[in-house]
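Q: Just the structure for this:
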Amino acid sequence: MATTSKSARRKGRAVTIHEVAAAAEVSPMTVSRVINGNANVRPATREQVMRAVRELGYTPNLAARSLAAAQGTRIALIYTNPSGAYLSELLVGALRGAARCAVQLVVDSWDGLSAEAERSAARALGRSVAGVLLPPPLCESKGVVAELVAADVPVVALASARFGDDVSHVRIDDFRAGREITEYLLSLGHTRIGFIKGHPNQTASTRRFEGFQAALATAGISLDSGLVQQGYFTYRSGLEAAEKLLARRKPPTAIFASNDDMAAAVVSVAHRRGLEVPRDLSVVGYDDTSAATTVWPELSTVRQPIASMADSAMDILVRAINRKEKDVHMVVDHVVAHELVRRDSVAPPASQD
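A: Predicted coordinates for the structure are as follows:
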């Protein structure tokens, strides 16, 4: 074993893990594994490290030990979201939060699973992870949530309008955001506004449509059901809905699509029909994902800070996991501020004739 000066102790300075590593002739990582009880260390090496610890009077940093322990905390992010842009923002935030909280992030897709298969997968998941982050639409699945709650696994539902006593939520006020962006179109003089709904399996879709309706009612404008089309948060569903709206004898002067993917599809259909955006048609989206700025003109939209929301959800999960050991159950409803982003896809209507 290498000889290490004990001047650090004589001067009252705390011995570092690097000094222990040098004395034991191993790496600092090996010292950390021994201190934290990792089984993947040879007995001889373990004894060598512990001898150096005793001789140098090393006291492990409690904060560092907590951080190392957190490395064994597994949090799952399960998704079936059809929007690639949304998923990208979600993963960025979840990975950032996992790195900051020093937890292991397990990412899995349940695309194509039946409701019963989802419940079975949730049951198995509940036995292997400490917490679960559920984005839409899985956060709306009563079966999935019930299985995880029954397994006593903390859950944070992301971007869901529903709030219950069993799981925490991180969301924006979709009703208010839907109303505000509609009011923006109305303020410019649009009164014939088309609306493309989000997927009916998500409560946020309903709240956005309710906000749209509320803004029209306040302005004294009756809802024209012919200007409302069902979408499913996919680009293709946006194409189909936009074709129907713009094929009308009296088409809308503006279209509010319930996410950016569908709004980008509206712009594409408008261009194909020889319409100029925003001179002939104003278009607004929702979420402010990368899809909003990869089309021309760039989309006015509601900024839902998806990455920051996922990051915050990781914090809530880690706190819930720590509290669970103390038999404390706390549900959080964290409402995040949204923002109306004005870009070049909106202008006053050329005519309301």
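Q: going forward, measure contacts between C-alpha atoms and count neighbours the same way
A: Noted.
Q: Where does the record place the domain boundaries for the chain?
A: Listed domain ranges for the chain are 7-68, 71-172+306-338, 174-304 (source: automatic domain parsing).
Q: Tell me where the stretch 1-150 of the chain has strands.
A: 74-79, 104-109, 131-134 (DSSP state E, counting those that start in this stretch).
Q: Show me what the first one is in contact with.
A: Strand 74-79 is contacted from outside by 94, 103-111, 128-138, using CA atoms under 8 Å, 6 or more residues apart in numbering.
Q: Just the buried residues of the residues you listed.
A: In the contacts of strand 74-79, burial by neighbour count holds for 94, 103-105, 129-138, counting by 16 or more other CA atoms under 10 Å.
Q: Which one of these is nearest to E55?
A: Set against E55, the nearest of the buried ones among the contacts of strand 74-79 by CA to CA is V103 (32.8 Å).
Q: quick revisit: so for T30, which of the strands of the stretch 1-150 of the chain sits nearest?
A: The stretch from these with the least distance to T30 (CA to CA) is strand 104-109; that distance is 20.0 Å.
Q: which sections of the stretch 1-150 of the chain are below the confidence cut-off?
A: Scanning the stretch 1-150 of the chain for pLDDT under 70 picks out 1-14, 33, 35-41, 59-72, 81-82.
Q: for the stretch 251-353 of the chain, same thing?
A: Checking the stretch 251-353 of the chain against pLDDT under 70 turns up 324-329, 351-353.
Q: For the domains of the chain, please prepare TSV with the additional fields distance to A347.
A: Shown next, in TSV, are those (distance: least, CA to CA, whole Å):
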stretch	distance to A347
domain 7-68	52
domain 71-172+306-338	22
domain 174-304	6
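Q: which one of those is the most hemmed in?
A: Across the domains of the chain, averaging neighbours per residue (mean count of other CA atoms under 10 Å) puts domain 174-304 on top, at a mean of 21.
Q: could you measure R249 against L227, distance?
A: Separation of R249 from L227 (CA to CA, to the nearest Å): 11 Å.
Q: Check T293 too.
A: According to CA to CA, T293 stands 26 Å off from L227.
Q: before we move on, what about D311?
A: Distance from D311 to L227, by CA to CA: 37 Å.
Q: quick revisit: what's the closest of the buried ones among the contacts of strand 74-79 to V346?
A: V346 has its nearest neighbour among the buried ones among the contacts of strand 74-79 in P136, at 28.3 Å by CA to CA.
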